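Chemist: Fold the stuff below for me.
(2 chains)
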Number of protein chains: 2
Amino acid sequence: MIRHTVSFSLVHAPDSAEEQEFLTSAPALLRAIDGVRDFAVSRQVSPKSSYRFQFAMSFEDDASYTAYDQSDAHQEFVATRWQSEVTEFEELDFVAYP
Amino acid sequence: MIRHTVSFSLVHAPDSAEEQEFLTSAPALLRAIDGVRDFAVSRQVSPKSSYRFQFAMSFEDDASYTAYDQSDAHQEFVATRWQSEVTEFEELDFVAYP
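Modeler: Numbers count the residues shown, from 1 in each chain, chains lettered A, B, ... in the order given. Alright, predicted model coming up:
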């Protein structure tokens, strides 16, 4: 199991209708893609980081993660929403140790 | 509920006994501190980041998080282990949206 996370900030004003729309519609689209499990939306609240939100989701294995990444739905989302509405982001992926 | 995460890399050689010792003894110490819940140790596996591990833990509220942060056990851990064995780290904290 792989926990894929992306922390990010948006171009939209804090607590604006546009911010709320992104944080509602993007998860609805992404969690419907094959292989996506346990999709979660969070606020990033540490003052030690400038990231304001996080999406997190789990994949059964590398194959399902790659299929998601390359899916038309994900690629279209990145091209039409992510690239224009996100100002900074960082991807971290986790598997249980050891 | 707050999910506190810290992604990091170590001075120790990958898969060395020293690395394994840190990744075993540090969680044993930290998860015993008052207020710490659901402590998890992960490998960071995205090639898009240089961080190699993550500790994650939950706190009921800001007060319990602050008490942990300021506890003698945590402060001593930071001074005696973290500062000398960790080469880079990033703290991100999450609460559920909305």
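
Chemist: near chain B, which residues of chain A show up?
Modeler: A:2-4, A:7, A:20, A:23, A:40-46, A:48-49, A:51, A:53-54, A:90-98 (Cβ under 8 Å from any Cβ of the partner chain). Placement of C-beta: from N, CA and C, glycine included.

Chemist: mind listing the strands for chain A?
Modeler: Secondary structure of chain A (DSSP state E): strands at A:2-10, A:37-44, A:53-59, A:86-96.

Chemist: Pairing partners for the last one, with directions?
Modeler: Take DSSP bridges as the rule and strand A:86-96 pairs in its sheet with strand A:2-10 (antiparallel), strand B:37-44 (antiparallel).

Chemist: Over to the shortest one?
Modeler: According to DSSP bridges, the neighbouring strands of strand A:53-59, each with its direction, are strand A:2-10 (antiparallel), strand A:37-44 (antiparallel).

Chemist: For the longest helix seen in chain A, could you pull out the residues that count as buried?
Modeler: Using DSSP state H, we find that the single longest helix of chain A is helix A:17-30. Using 16 or more other Cβ atoms under 10 Å in any protein chain shown as the test for burial, helix A:17-30 gives A:19, A:22, A:23, A:26, A:27, A:30.

Chemist: which other residues reach stretch A:89-98?
Modeler: The set of residues external to stretch A:89-98 that reach it, using Cβ atoms under 8 Å, 6 or more residues apart in numbering or on different chains, is A:1-9, A:51, B:7, B:20, B:23, B:40-46, B:48-49, B:51, B:53-54.

Chemist: what's the angle from the longest helix of chain A to strand A:37-44?
Modeler: Helix A:17-30 runs at 160 degrees relative to strand A:37-44, counting by axes from the mean of the first three to the mean of the last three Cα atoms, to 10 degrees.

Chemist: tell me what helix A:17-30 is packed against?
Modeler: When contacts are defined as 3 or more Cβ pairs under 8 Å, 6 or more residues apart in numbering or on different chains; DSSP states H and E, helix A:17-30 packs onto strand A:37-44, strand A:53-59, helix A:72-77.

Chemist: For residue B:58, which of these is the nearest?
Modeler: Closest of the helices and strands packed on helix A:17-30 to residue B:58 is strand A:37-44, at 12.1 Å (criterion: Cβ to Cβ).

Chemist: Flag every buried residue along that closest one.
Modeler: Buried residues in strand A:37-44 (16+ other Cβ under 10 Å): A:39, A:40, A:41, A:42, A:44.

Chemist: if you average pLDDT over it, what comes out?
Modeler: For strand A:37-44, mean pLDDT rounds to 98.

Chemist: Give me the distance from it to the chain's centre.
Modeler: Average the C-alpha atoms of strand A:37-44, do the same for its chain, and the two points are 8 Å apart (Cα atoms, centre = their mean, to the nearest Å).

Chemist: same deal with stretch A:77-91?
Modeler: 9 Å.

Chemist: can you check stretch A:46-54 too?
Modeler: Using Cα atoms, centre = their mean, the offset of stretch A:46-54 from its chain centre is 14 Å.

Chemist: Outside of that stretch itself, list whatever touches it.
Modeler: Residues outside stretch A:46-54 that contact it (Cβ under 8 Å, 6+ apart) are A:5-10, A:14, A:23, A:40-44, A:88-90, B:4, B:90-94, B:97.

Chemist: Fine by me, thanks again.
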